[in-house]
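Colleague: Sequence first, predicted coordinates after that:
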Amino acid sequence: MWQWGGNVLRYGGVGASCVKEGDELYQLKPLKTYALEAVRDDGLCMTRMERMLDALGRSVGDIEWISEGNLPEVVEELSGLWPPEEDEVPEGTPPTFMRPLVFTKVHTGEELPDIADKLQGWPDNTDEGTVRAILGQFKATQAYHPYERDQEENRVCWPTWDFATMMGCPHGCHYCGHGKTGKFITVGLNLEEFMEVVVPRTIAKYPWQKCFRMIGWSAEMISFEPEYGCFDLYTRKLAEYDRYGYFHAASSNVDWIADLPRKDRLIAIFSVTCEAVAREIEPGTGHAFDRFEAGRKCNEFGVPVRYKFKPMIPVHNWREEYARAIERALEVSEPESVGFCVIMWMSLEMLGTRIDLDLLDPEYLEAARDAAEEMEGNVCGPFPHHVRKEVYQYLIEQVRRWDDEVLLYVSTESREMWDELSGELGQDPKAFFCGCSSVAVPGRKLSLSEGCPHSTYAALE
Ligand code: SF4
């Protein structure tokens with residue numbers, strides 16, 4: 001676990017690479033902290049940054065300011081600063097907790113500016129993504145699972161527009177490309193402006209969307225609360241428009257929610273797993289069961305809780321591991337829904353570059369090897385349909401041992417999977433209540449309308 005000073009910013013538990021005892025807390029230790037010069041002229045941004053630095057035991061004096069003049073050097077430095085040498089990593093600290101932090105202001109315009117001029121004369125191998133991140137020129141909103149794309153890719157989900165004020169994550173989960181290799185974390189500080197400009201504009205453009213994820217791009221946004229102060233502003237703004245906001249987290253840092261004046265606008269989505277996966281594959285997320293305790297606290301705060309076993313990773317003994325996790329989840333908390341998604345989105349070869357394949361159930365690994373050709377280009381790969389189905393059936397059975405009511409779903413799965421499992425799941429693939437859907441309002445209700453009449457199981461007429 002890490003903690004930013006006093007009662008702030010904590011991650012639950014520890015992973016294999018950072019063995020510590022019990023509930024001991026430890027701090028995020030960025031190798032360096034940078035800020036864009038534009039932050040200096042904005043009182044609200046400065047206050048937010050100072051608050052976060054203070055929690056880290058740092059101050060504005062520790063900041064390296066980034067201007068036009070030193071931008072190329074900073075870009076170069078960021079490309080090599082992280083990861084640290086092994087002997088630079090304090091005992092018990094996951095190296096991913098040492099990612100440099102870059103404070104900036106998020107671009108709130110609709111289109112990102114062209115920066116070709118700015119890059120003229122720079123080395124050919126300059127990473128434009130790094131330059132844009134420093135300048136805060138990353139997308140403030142992004143579409144996920146539009147109907148057309150899900151039809152092409154044969155996936156079933158809900159169309160949605162997500163928000164981001166942050167990029168990068170300290171968790172370092174091995175299955176996540178950015179989490180494993182990202183060089184730094186970008187923190188947008190102009191949240192007041194974001195809430196005034198980006199949120200209302202997006203709601204006006206997509207009035208059918210009732211619930212919006214504040215998710216960041218490969219980020220773990222709640223880990224930076226309450227110092228960051230994003231969800232307070234976000235929930236207040238959503239309340240003005242009668243909308244709801246999700247956090248989407250593998251962190252168990254939720255105590256700050258108790259003090260949110262508009263927590264009635266918040267929905268908690270936890271990406272959950274079993275202890276073996278948290279220990280071996282998610283070095284910074286903490287103990288798997290901490291997230292169920294966080295779910296219990298959210299129940300206490302009156303905030304709806306939804307769990308996603310996503311990615312579900314079929315490790316050795318996965319049946320026992322996941323059965324224990326499900327039992328604990330339902331013993332300590334009352335989720336509105338529980339969903340499943342076997343790790344997908346990549347080939348077996350790609351998966352092998354991210355996680356140690358020896359951790360996987362040997363029978364399923366073999367099945368994935370055998371199916372490699374057949375699964376080529378299938379976004380639900382590398383595990384073939386029959387393996388994924390077997391996993392889902394087992395997980396459904398485990399949930400039903402403890403709870404007859406909780407709503408079940410498979411997340412971003414194929415149409416065929418829904419066709420075969422809708423009976424066992426007990427939900428209609430065109431109108432299922434899941435986790436972070438754009439229309440899944442609190443109370444296990446769907447807010448369907450002309451703009452979003454059904455899931456992406458079917459094309460939009
Ligand atoms: S929980 Fe629902 S909306 Fe969210 S990714 Fe899964 S299927 Fe899509």
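Modeller: Yep, that arrived. Note that the coordinates shown come from a computational prediction; the quantities given were computed from them, not determined experimentally.

Colleague: going forward, measure contacts and count neighbours with C-alpha atoms only.
Modeller: OK.

Colleague: Retrieve the pLDDT associated with the residue in the stretch 101-250 of the chain that the ligand sits nearest to.
Modeller: Nearest residue of the stretch 101-250 of the chain to the ligand, counting by Cα to the nearest ligand atom: C157, 3.8 Å away. Here, the pLDDT recorded for C157 equals 98.

Colleague: isn't I313 right up against I343?
Modeller: Yes: the criterion here is Cα atoms under 8 Å, and I313 meets it with I343 at 5.8 Å.

Colleague: Which one's more surrounded, those two?
Modeller: Comparing I313 with I343 by neighbour count (other Cα atoms under 10 Å), the higher total belongs to I313, at 23 against 19.

Colleague: how near is that one to the ligand?
Modeller: 16 Å (Cα to the nearest ligand atom, to the nearest Å).

Colleague: quick one: C434 is in a strand?
Modeller: No: assessed with DSSP: H, G, I helix; E, B strand; the rest coil, C434 is coil; it does not lie in a strand.

Colleague: Checking my notes, T47 in a strand, right?
Modeller: No: assessed with three-state DSSP, T47 is helix; it does not lie in a strand.

Colleague: Excluding chain neighbours, what is closest to H171?
Modeller: Among residues not flanking H171 along the chain, G284 sits closest, at 4.0 Å (Cα to Cα, 6 or more residues apart in numbering).

Colleague: does the one you found sit in a helix, a strand or a coil?
Modeller: coil.

Colleague: Pretty sure it sits against L28.
Modeller: No: using Cα under 8 Å, G284 is not in contact with L28; the gap is 10.3 Å.

Colleague: what do these two both touch?
Modeller: F97 (Cα atoms under 8 Å, 6 or more residues apart in numbering).

Colleague: Compare these two and say which is more crowded by neighbours.
Modeller: G284 (31 against 25).

Colleague: Could you measure from the more buried one over to A278?
Modeller: Shown here: G284 relative to A278, a distance of 8 Å by Cα to Cα, to the nearest Å.

Colleague: The ligand contacts on this structure?
Modeller: 157-158, 411-412, 434-437 (Cα under 6 Å from any ligand atom).

Colleague: So which residues of the stretch 251-400 of the chain form helices?
Modeller: For the stretch 251-400 of the chain, the helices defined by DSSP state H, counting those that start in this stretch cover 275-281, 288-301, 318-332, 348-354, 362-370, 385-402.

Colleague: Which of the ones you listed sits closest to T47?
Modeller: Of all those, helix 288-301 sits nearest to T47, with 28.0 Å by Cα to Cα.

Colleague: what is the orientation angle of the closest one with helix 318-332?
Modeller: Angle, helix 288-301 to helix 318-332, by axes from the mean of the first three to the mean of the last three Cα atoms, to 10 degrees: 20 degrees.

Colleague: list the buried ones in helix 288-301?
Modeller: 288-299, 301 (16 or more other Cα atoms under 10 Å).

Colleague: Tabulate those residues (TSV), appending pLDDT.
Modeller: Compiled in TSV, the buried residues of helix 288-301 are given as follows (pLDDT from 0 to 100):
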residue	pLDDT
A288	96
F289	97
D290	95
R291	97
F292	98
E293	97
A294	97
G295	98
R296	98
K297	98
C298	98
N299	98
F301	98
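
Colleague: between those, which is nearest G352?
Modeller: A288 (22.8 Å).

Colleague: and the gap between the closest residue to that closest one other than its chain neighbours and the ligand?
Modeller: Ranked by Cα to Cα, 6+ apart and with sequence neighbours excluded, the top spatial neighbour of A288 is E275, at 5.0 Å. E275 sits at a distance of 22 Å from the ligand (criterion: Cα to the nearest ligand atom).

Colleague: shouldn't E275 be in contact with F289?
Modeller: Yes: if you go by Cα under 8 Å, E275 and F289 touch, sitting 7.1 Å apart.

Colleague: Which residues are in contact with each of these two?
Modeller: In contact with both E275 and F289: A325, using Cα under 8 Å, 6+ apart.

Colleague: which sections of the stretch 251-400 of the chain are below the confidence cut-off?
Modeller: Along the stretch 251-400 of the chain, the model assigns pLDDT under 70 to no residue.

Colleague: Now for T181: which residues touch it?
Modeller: Going by Cα under 8 Å, 6+ apart, T181 touches G172.

Colleague: Next, count neighbours for Y144.
Modeller: So Y144, with other Cα under 10 Å, has 14 neighbours.

Colleague: so what's it up against?
Modeller: 159-162 are the contacts of Y144 under Cα under 8 Å, 6+ apart.

Colleague: what about the helices in the stretch 101-250 of the chain?
Modeller: Remark: helices assigned in the stretch 101-250 of the chain by DSSP H, counting those that start in this stretch are 128-135, 147-153, 177-181, 191-205, 230-240.

Colleague: Could you list the buried residues of the shortest one?
Modeller: By 16+ other Cα under 10 Å, the buried positions in helix 177-181 come out as 178-181.

Colleague: How about the last one?
Modeller: Within helix 230-240, the residues scored as buried using 16+ other Cα under 10 Å are 230-239.

Colleague: mean confidence for that helix?
Modeller: 98.

Colleague: Next, the angle helix 191-205 makes with it.
Modeller: Going by the same axes, to 10 degrees, helix 230-240 makes 40 degrees with helix 191-205.

Colleague: list the helices and strands helix 230-240 packs on?
Modeller: Helix 230-240 sits against helix 191-205, strand 244-249, with contacts defined as 3 or more Cα pairs under 8 Å, 6 or more residues apart in numbering; DSSP states H and E.

Colleague: now swap in the longest one and tell me
Modeller: Identification of packing neighbours for helix 191-205 by 3+ Cα pairs under 8 Å, 6+ apart yields helix 230-240.

Colleague: run the last query once more with 6 Å
Modeller: Secondary-structure packing of helix 191-205 (3 or more Cα pairs under 6 Å, 6 or more residues apart in numbering; DSSP states H and E): no helix or strand packs against it.

Colleague: Can you list the strands that the top strand by length along the chain pairs with?
Modeller: Ordering each strand of the chain by length in residues (DSSP state E) puts strand 305-312 first. Strand pairing for strand 305-312, determined by DSSP bridges: strand 266-271 (parallel), strand 337-342 (parallel).
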